[in-house]
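Participant: Just to be clear, the model below is a prediction. Sequence and coordinates:
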Amino acid sequence: MHSLARRRYHRAAPVVLVLLLLGLITGIAAFVMSTTEARASEEVAADDVTEGQKLFAANCASCHGLDAQGQDGVAPSLVGVGAAAVDFQVGTGRMPMQASGPQAPAKAPQFAQEQINQLAAFVASLGAGPAIPTEEQVDPELGDAANGMALFRTNCAMCHGSVGGGGALTQGKFAPGLWETTPTHLYEAMLTGPQSMPVFNDANITPDEKRDIISFIAAQDDGSPGGLRLGAIGPVAEGLWGWLIGLGLIIAATVWIGARSS
Amino acid sequence: MAGTVQKVAGGTANYVDERTSIGAFVKFFARKLFPDHWSFMLGEIALYSFVILLISGVFLTAFFVPSVTPVIYDGPLETMQGTEMSEAFASTLHLSFEVPGGLLMRQIHHWAALLFTAAIVTHMARVFFTGAFRKPRELNWLVGFTLMILSLAAGFTGYSLPDDVLSGNGLRIIEGVLRSIPILGEYLSYWVFGGEFPGEAIIPRLFTAHVLLVPGLILGLIALHLFLVFLHKHTQYPGGGRTHRNVVGLPLFPVYVAKAGGFFFVVFGVVALVAAVFTINPVWHYGTYDPSPVSAGTQPDWYILFIDGGLRLMPGWIFGLPTEWEIFGYTLSWNILIPAVILPGLFFGFLALYPWIESWATGDKSEKHVLDRPRNAPVRTGIGVALITFYVVLVLEGCNDIIANLFSLSLNDLTYFLRVAIFVFPPLSFWITKRLCLGLQRKDRELVLHGKETGRIVRHEHGEYVEVHEPLDAQELWLRVNYEDRAPLDIEPEFNDRGVRRKGYRWDRFKQRLSRFYFEERISPVTPEDLEKARSEHH
């Protein structure tokens, strides 16, 4: 090859070009998306309910219907579920649902908090329902973790596990782990009873008691004094680790000791 | 200096020897030979875990209070503050969070318990698959089997002591199982709990069983187990020069004293490491026992999981017929009796009697000190794998909720699947294992007769290509041909020449059928004549 040509086509050239191209595409996309978001936040000042209705028509109506009355066997009516239900379902990414299955799993939220508030405002305008709790209502610092534990044991642990590690329900449904859930979403879940979960209304568990439960869940963030907690799902995980790590390491040692030194 | 030390040591030894004549014993034991293999150390793991259990257990008894007197918690744990709990639970929290090193000791104790049972099962599997239970060791198999059952008892009584929600639920299940036994059940339950469940007697009683009765029995039986090992001498793996009449190995002193002594610290080290890194039985998650709450993930420790699995597997209705009957006002719960009493009874009964079952099939009365390679006993190996498969299906069902959640499966479908699997998988695994063993034996024959492939191709003068096979050396040959070629039993005819029916014919016929099941299909080891023939054909 000619010496000039050799210098012109460096071996890394294709890789560099591909990376540049990727960078360009990402950059353009980021710019376009940030401008849309900026535009959205500018319009928050406009009527939340109208905006919420538009979002609803574009993202939710295909299942829940344009009038939010629901469809039999497909999606429930949203009249009267309240802002709390919307904030929980959309805020944890469960809605809009991407695929039908035993239950809607949590995923990255599809909307910004402003849009969720607009959706919530629209759904709340359809009929009276529970509102989104205030910061003070869900502050774990103000709750009593010991009372929360007693309440959790009686009301929550049979599905979510003793400290909220999660557990299985029938037919592929499950009670999710609670450690990643925000205090507001915990409160809303208790109040609205999403999916298989029963509703714990304010007569059943008072707002103060709900905060105690949130406080108990928050106490789990400190981890376990005994070390890694293996998912906190009980003796099955312990048994598995005992066999794999405990007996595994020791049997490896027996093979080592049993090997002839020669 | 060295001279002084030697003089003092010698003087002390002499002093002790003159008063106990222990020198002869030491000499005898120090010269005792043991064969060397890593799998012979599995029982040692169990022994050392037991020693760890004793040491850590003594520490725990210094702080644990076996009483169900209610107290109000006032300690460092925020999530328990001001709650009413039993003294047993409160003292468990106290020893975990206020006694220095207490939580580590508790975790060491519990991890060592899991390891103890796991090591016993592994050791038992080694003994089973290598045929180490054959004459003269049948009784020692029985001692070992009893130790295994006692380890379950030790584990379960300990698991129940802290009086947390998990242990209380476990006791409630045991109570239900006791009550499922017809007629006796209710009396047994009242007798064990000193009245209605849970009562106030059970925690102190479990404590006595856990710290005195069960460990005492285990200690005694360990002594008997080891004495019988010394008496019978240790078995050895097959190999050149090893027969049923000798032991090829190394002396206890210094080789095994060093190895075994060091190994204790390896086991203790691993248990301490695991206990320092991983939480086990976090009772502060569960709270003090209260009969109403049952949380998700409520399971016993792994060694009792198979009973839980049986209970979860058993349907309440079979083809529309209930498995719980009511006869003249008495309830007969087949749905508990079968999976939790009859099934484990049959399973353990079969395990305990296995050495005798196999000896009926072989009809062999001679002593066996050389172990079998598992492939050379295809039916036994198949039975062992089938038993393990059966057990594993029960264990999987015992953690069906965890599996369903972890792999996003339907809990119901998983249970239906395992209900079929419990009947299909064990026979299937028996058949597959047996075929694998026979295949491996054929492979051995092939190797012995034709040697190892070398990948070297030679062309003869007349144009033929052949691959050069390298014959096995003497050790490799010995390993592959030195096993018994056992034909099914022949029995005497049912009637003698005068047409009179022979006594004991039925029993003989049963043994013959059993023997056919074991030995009908077999691969015979290569005989010297076969080998001679194969070699002459090659050249």
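Facilitator: Thanks, I have the structure now.
Participant: Distance of B:Gly455 relative to B:Glu470?
Facilitator: Separation of B:Gly455 from B:Glu470 (Cβ to Cβ, to the nearest Å) stands at 10 Å. The way it works is simple: take the backbone N, C-alpha and C, and place the C-beta from them, glycine included.
Participant: who's more crowded, those two?
Facilitator: Neighbour comparison, B:Gly455 and B:Glu470: the larger count goes to B:Glu470, with 11 against 7 (by other Cβ atoms under 10 Å in any protein chain shown).
Participant: Help me confirm that that one comes into contact with B:Lys452.
Facilitator: Yes. With contacts counted by Cβ atoms under 8 Å, B:Glu470 reaches B:Lys452, the gap being 4.8 Å.
Participant: the helices in the stretch 151-262 of chain A, which residues?
Facilitator: Taking DSSP state H, counting those that start in this stretch as the criterion, the stretch 151-262 of chain A carries its helices at A:157-160, A:183-192, A:207-219, A:235-241, A:248-258.
Participant: now for the first one, which elements pack on it?
Facilitator: Okay, so that is helix A:157-160. For helix A:157-160, there is no helix or strand it packs on, judged by 3 or more Cβ pairs under 8 Å, 6 or more residues apart in numbering or on different chains; DSSP states H and E.
Participant: What residues does the stretch 201-350 of chain B have near chain A?
Facilitator: Residues of the stretch 201-350 of chain B lying close to chain A by Cβ under 8 Å from any Cβ of the partner chain are B:259, B:262-263, B:266-267, B:270-271, B:274, B:276-282, B:284-287, B:290, B:292-303, B:305.
Participant: Swap in 6 Å and give it another go.
Facilitator: Applying Cβ under 6 Å from any Cβ of the partner chain, we find that the stretch 201-350 of chain B lies next to chain A at B:259, B:263, B:266-267, B:270, B:274, B:277-280, B:282, B:285-287, B:293-297, B:299, B:301-302.
Participant: what's the neighbour count on B:Ser408?
Facilitator: So B:Ser408, with other Cβ under 10 Å, has 12 neighbours.
Participant: Regarding it, what are the backbone dihedral angles?
Facilitator: Dihedral angles of B:Ser408 (phi, psi; degrees, to the nearest 10) stand at phi 50, psi 50.
Participant: so what's it closest to, chain neighbours aside?
Facilitator: Spatial nearest neighbour of B:Ser408, chain neighbours left out: A:Gly172 (6.7 Å); criterion: Cβ to Cβ, 6 or more residues apart in numbering or on different chains.
Participant: just checking, that neighbour touches A:Ser100?
Facilitator: No. Using Cβ atoms under 6 Å, A:Gly172 is not in contact with A:Ser100; the gap is 11.8 Å.
Participant: Compare these two (neighbour count), which wins?
Facilitator: A count of neighbours by other Cβ under 10 Å puts A:Gly172 above the other of A:Gly172 and A:Ser100, at 18 against 9.
Participant: Any figure for the gap between that one and A:Gly166?
Facilitator: Separation of A:Gly172 from A:Gly166 (Cβ to Cβ): 14 Å.
Participant: same question, B:Phe64
Facilitator: Distance of B:Phe64 to A:Gly166, computed by Cβ to Cβ: 32 Å.
Participant: do B:Thr381 as well
Facilitator: Noted for B:Thr381: a distance of 40 Å to A:Gly166, by Cβ to Cβ.
Participant: How about B:Lys233?
Facilitator: Separation of B:Lys233 from A:Gly166 (Cβ to Cβ) stands at 54 Å.
Participant: Settle it for me: which of those two has more neighbours?
Facilitator: Between B:Lys233 and A:Gly166, counted using other Cβ under 10 Å, the more crowded position is A:Gly166 (20 against 16).
Participant: Skip the chain neighbours and tell me the closest residue to that one.
Facilitator: Here the residue nearest A:Gly166, using Cβ to Cβ, 6+ apart, is A:Gly177, at 3.7 Å.
Participant: low-confidence ranges in chain B?
Facilitator: B:1, B:538-539 (pLDDT under 70).
Participant: most centrally placed residue in it?
Facilitator: B:Val121 (1.8 Å; Cα atoms, centre = their mean).
Participant: And for that one, nearest residue in space, chain neighbours not counted?
Facilitator: Nearest to B:Val121 is B:Met148, by Cβ to Cβ, 6+ apart, at 7.2 Å.
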